[in-house]
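Build me a model:
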Amino acid sequence: MVTIRAARIEEVGRLRELGVTGWETTYAGFVQPHNRRAYLAGPFWAIERLEAIAADPDCLALVAEVDGAVAGFLTVEPAGPGQVELTRFYVDPERRRSGVGRRLLEAAIAASRSAGARSMLVNVFADNAIGRAFYEREGFRLQRLEPTRVGDQQVGDAWYDRPLDAG
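Below is the predicted model:
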């Protein structure tokens, strides 16, 4: 059974662990190892940053719990008037393709809609075909492709948007 709930401050170490595992398993084919390590050591994945998001009432940090263990999480942050951004979304590799991610996303969409957001943004590496296909199945529409840097290499970002006024 999957339970979706708010993340707790004391769980941010596990959230970071899931993010690191996600980066190492999903992006290994196109982000060089030294660039993955450098990014994961930076402020985006700092424990303090994750704690701040979990404690901020304007942000959303949800976990999926399976058999008493955190199997996935996501964070949503304000992106502008009526808009939020899905900033982190990772599921334990052993739980991928089991519905955990879909349940997390559905809960985040419902909570964001209830808080007054009208749309949700997400960016995903352009080379992450599995991630892009997931978002497209979930109603996100590609808005733009643009270059971005991860350490000393250039990769592509795919920016998606999903209206929240309808399922």
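
from here on, contacts and neighbour counts on C-alpha atoms
Will do.

what about I4, neighbour count?
The tally of other residues near I4 (other CA atoms under 10 Å) stands at 21.

What of the one 3 residues further on?
Other residues within reach of A7, judged by other CA under 10 Å, total 24.

Repeat that for D161.
Around D161 there are 22 other residues, counting by other CA under 10 Å.

Look up phi and psi at it.
phi -140, psi 150 (degrees, to the nearest 10).

Quick check, it in contact with V124.
No: using CA atoms under 8 Å, D161 is not in contact with V124, being 11.4 Å away.

between those two, what contacts are shared?
Common contacts of D161 and V124 (CA atoms under 8 Å, 6 or more residues apart in numbering): none found.

Buried ones in stretch 91-106, by neighbour count?
Within stretch 91-106, the residues that count as buried by 16 or more other CA atoms under 10 Å are 91-92, 100-101, 104-105.

Ok, stretch 4-15 next?
Within stretch 4-15, the residues scored as buried using 16+ other CA under 10 Å are 4, 7, 9, 11-12, 14-15.

Just the ones in strands from those residues, please.
Judged by DSSP state E, the subset of those located in strands is I4.

Please, where are all the helices along the chain?
All helices of the chain, identified by DSSP state H, fall at 12-26, 33-40, 47-55, 100-114, 129-137.

Now the third one: buried residues?
Within helix 47-55, the residues that count as buried by 16+ other CA under 10 Å are 47, 50-51, 53-54.

orientation of that helix relative to helix 12-26 in degrees?
Between helix 47-55 and helix 12-26, the angle comes out at 110 degrees (axes from the mean of the first three to the mean of the last three CA atoms, to 10 degrees).

re earlier: minimum distance to L74: which of the helices of the chain has it?
helix 100-114 (7.2 Å; CA to CA).

show me what contacts L18?
Going by CA under 8 Å, 6+ apart, L18 touches 72-73, 90-92.

Let's see that with 7 Å instead.
Contact analysis of L18 by CA atoms under 7 Å, 6 or more residues apart in numbering lists 90-92.

just Y135 next, same as before
So Y135 contacts nothing (CA under 7 Å, 6+ apart).

coming back round to it: G151: which of the helices of the chain is closest?
That would be helix 33-40 among the helices of the chain, by CA to CA, at 4.9 Å.
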